[in-house]
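*Asks:* here's my sequence, what's the structure:
(one chain, ligands or ions: 1)
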Amino acid sequence: MTRVTFLQNGVAKPYDVNLDDMPYQRHGRRGSLLDVALNVGFPLEHACGGNAACTTCHVIVREGMDHLSELDDEEADRLDGAWGVTPRSRLACQAIVKGDVTCEIP
Ligand code: FES
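*Replies:* Numbering: from 1, shown residues only. Coordinates of the predicted model:
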């Protein structure tokens, strides 16, 4: 099991998920933070449907940066326009989960 924790308004919501057995929710990359959120029922915004075309799924990774797929150029370009972007920012629809992660919804 992999633990994915979403932090929102100071409240931590941890979810234990089986990444190998998780159905794809058809928004964002398969196995992404957005895919996890949709599977567990966490309300993560995703206005463009997970196509790296908005920034509503912007999250700030607090722990487990090494447990996410690499940031690619398309995601980095899109993040440049996000409000409140930090060096630990990712687009939840693009970051594929590979291990325990804690991320904050800014
Ligand atoms: Fe639009 Fe992730 S949902 S960039």
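
*Asks:* how close does residue 12 sit to the ligand?
*Replies:* Counting by CB to the nearest ligand atom, to the nearest Å, the gap from residue 12 to the ligand is 22 Å. Yep, even glycine has a C-beta here, placed from its N, CA and C like the rest.

*Asks:* secondary structure class for that residue?
*Replies:* strand (DSSP: H, G, I helix; E, B strand; the rest coil).

*Asks:* show me the contacts for residue 82.
*Replies:* Counting by CB atoms under 8 Å, 6 or more residues apart in numbering, residue 82 makes contact with 55, 58, 89.

*Asks:* thought residue 77 was touching residue 53, still the case?
*Replies:* No - the criterion here is CB atoms under 8 Å, and residue 53 misses it with residue 77 at 11.0 Å.

*Asks:* pass me the low-pLDDT residue ranges in the protein, would you?
*Replies:* Within the chain, no stretch has pLDDT under 70.

*Asks:* the ligand contacts on that one?
*Replies:* Contact residues (CB under 6 Å from any ligand atom) of the chain with the ligand: 46-48, 50, 52-57, 91, 93.

*Asks:* phi, psi for the residue nearest the centre of the chain please.
*Replies:* Geometric centre of the chain, nearest residue: residue 92, 2.5 Å, by CA atoms, centre = their mean. Backbone geometry at residue 92, expressed as degrees, to the nearest 10, gives phi -60, psi -30.

*Asks:* could you do residue 79 as well?
*Replies:* According to degrees, to the nearest 10, residue 79 has phi -60, psi -30.

*Asks:* that one touches residue 59, doesn't it?
*Replies:* No - at 10.6 Å, residue 79 does not count as touching residue 59 under the criterion of CB under 8 Å.

*Asks:* okay, the two: which has more neighbours?
*Replies:* Higher neighbour count among residue 79 and residue 59: residue 59, with 25 against 18, using other CB atoms under 10 Å.
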